[in-house]
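**Student:** could you work out the structure for the sequence below:
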Amino acid sequence: MKKAIRIGLLMVSFLLVYFLQANFFSWFTIAGVKPNLFIIFILFISLFAGMKVGIPFGVGIGLFLDMVIGKKIGPSAIMLAIIGMIGGYFDKNFSKESRITIMLMVMGSTGVYEIGNYLLQTIELSIHVEPLAFLITLLIEVIYNTILTIILYPIIQKLGYQIEDVFKGQKILTRYF
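**Tutor:** Numbering: from 1, shown residues only. This next block holds a predicted model:
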């Protein structure tokens with residue numbers, strides 16, 4: 001029952017993130033570039049709830065975004081699923097306590113998402129984009145996502161540990177209890 005409530009809260013959180021991405025941050029662009037809050041959202045879901053929750057959320061949110069915004073269905077779903085896998089890997093191998101580690105995770109995840117999305121779109125849609133303009137946009141978005149992560153991390157960390165308790169729980173079995 002607790003998992004169903006947490007999944008419902010994550011879906012409501014997605015609606016809030018979608019509203020912020022579509023409305024609020026359209027006013028606060030840097031050189032026409034908005035942050036990609038969906039990358040941060042999926043990364044933190046998979047960091048705190050695990051890969052089994054992060055990948056389905058990544059696919060679901062990616063399909064939704066592709067249907068609403070994209071020209072083709074699939075690129076965002078594939079890349080957000082990959083971000084879910086990366087977050088699950090980071091969960092097992094790195095600490096969530098260090099802000100520097102979290103900043104590096106967000107930087108790497110943003111780079112992987114944008115480069116992968118760029119490659120998928122150039123293959124599928126035969127879009128030609130200037131590499132220099134793409135790299136500048138990528139750099140701005142990486143910096144923007146990292147700054148937002150630094151600002152929002154205390155809130156995300158507090159909520160993340162509550163989600164982690166429900167999805168992962170204490171699975172330690174002691175022999176002599």
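
**Student:** going forward, measure contacts and count neighbours with C-alpha atoms only.
**Tutor:** Will do.

**Student:** could you identify the longest helix within the protein?
**Tutor:** helix 131-167 (DSSP state H).

**Student:** what packs against that one?
**Tutor:** Using 3 or more CA pairs under 8 Å, 6 or more residues apart in numbering; DSSP states H and E, the elements in contact with helix 131-167 are helix 2-22, helix 37-49, helix 99-125.

**Student:** okay if I get the ones you listed as CSV plus mean pLDDT and mean neighbour count?
**Tutor:** As requested, the helices and strands packed on helix 131-167 are exported to CSV (pLDDT from 0 to 100; neighbours: other CA atoms under 10 Å):
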stretch, mean pLDDT, mean neighbour count
helix 2-22, 88, 14
helix 37-49, 93, 25
helix 99-125, 90, 17
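
**Student:** who touches residue 113 in this structure?
**Tutor:** 39, 79, 80, 82, 83 (CA atoms under 8 Å, 6 or more residues apart in numbering).

**Student:** farthest pair in those residues?
**Tutor:** Taking CA to CA as the measure, those span a maximum distance of 10.3 Å, between 39 and 82.

**Student:** OK, contacts around residue 38?
**Tutor:** Residue 38 touches 17, 18, counting by CA under 8 Å, 6+ apart.

**Student:** same question, residue 41
**Tutor:** 14, 17.

**Student:** what do you get for residue 2?
**Tutor:** Residue 2 neighbours (CA under 8 Å, 6+ apart): residue 166.

**Student:** any idea how far residue 167 is from it?
**Tutor:** Residue 2 sits 9 Å away from residue 167, going by CA to CA, to the nearest Å.

**Student:** could you do residue 105 as well?
**Tutor:** 21 Å.

**Student:** nearest the geometric middle of the chain, what residue?
**Tutor:** The centre of the chain sits closest to residue 39, judged by CA atoms, centre = their mean, with a distance of 2.5 Å.

**Student:** hang on, that one packs against residue 80?
**Tutor:** Yes: applying CA atoms under 8 Å, one finds residue 39 in contact with residue 80, separated by 6.9 Å.

**Student:** buried residues, the longest helix of the chain. List them.
**Tutor:** For helix 131-167, the neighbour count (16 or more other CA atoms under 10 Å) marks 137-146, 148-149, 153, 156, 160-161, 163-164, 166-167 as buried.

**Student:** how about stretch 64-81?
**Tutor:** For stretch 64-81, a neighbour-count test (16+ other CA under 10 Å) marks 64, 65, 66, 73, 74, 75, 76, 77, 78, 79, 80, 81 as buried.
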